[in-house]
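> using only what follows, build the 3D model:
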Amino acid sequence: MNRERWVTHSPEETIALGSVIARRFRRGEVVALIGELGSGKMQFVKGVAEAFHAHPHVSSPTFVIMNRYDGNDAEGREIFLFHVDLYRIEGTDALLDLGLEEVFDADGITLIEWADRMGALLPPRRMEIVCSHGSTEQERILELSVHDAEGVSRPAPARKADRA
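Okay, here's the model as predicted:
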């Protein structure tokens, strides 16, 4: 599997990395965030929101399931960021009731925390970021892979300024 890997040493570094990686995201992108509690998923989302000049206060949608933030893309056009948190969702029926397919088809970027809970319902074409704890209390490891329309991992698109 083709993965890119980064190590951050503080929440601020994880936010900065999210902002840098966000430059790769395009309208219609689904970003699957996978990792245990406290592994950096929320900090990464804050960085993405920062990159798109979205709502200044990004919060976890654990209890509301999804937040939508208004932002701007690189050309200054309005773009929506959909931030989904599946921590409290159990079972396929509950996922189907959320209507995520409509969000995936929207003209925005969808970031899904606890995306592994979607199983086969997760769109095959997606960016996947696996977050984990590092060897120190503040260290986080983030691994990015890109999956094509068949769900097969392929090399991630890189840009010169992507390394944080």
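> which ones are touching Ile34?
Ile34 makes contacts with Lys41, Trp114, Ala115, Asp116, Glu128, Ile129, Val130, Cys131, as judged by CB atoms under 8 Å, 6 or more residues apart in numbering. No exception for glycine: its C-beta is placed from N, CA and C like everyone else's.
> in helices, which of the residues you listed fall?
The helices, defined by DSSP state H, take in Lys41 from those.
> where in this protein is pLDDT low?
Counting by pLDDT under 70, the chain shows low-confidence ranges at 1, 55-56, 61-64, 93-97, 99, 150-164.
> what about 80?
1-2, 55-64, 89-106, 149-164 (pLDDT under 80).
> that one: helices as residue ranges?
Under DSSP H, the chain gives helices at 11-21, 41-51, 92-98, 100-104.
> which of those sits most buried?
helix 41-51 (a mean of 24; mean count of other CB atoms under 10 Å).
> next, count neighbours for the closest residue to Arg125 other than its chain neighbours.
Setting aside the residues directly before and after it, Arg125 is nearest to Ala149 in space (CB to CB, 6 or more residues apart in numbering), at 4.7 Å. Residues near Ala149, counting by other CB atoms under 10 Å, number 9.
> cool, Leu142 as well?
Counted with other CB under 10 Å, Leu142 comes out at 27.
> does it touch Glu13 like I think?
No: at 10.1 Å, Leu142 does not count as touching Glu13 under the criterion of CB atoms under 8 Å.
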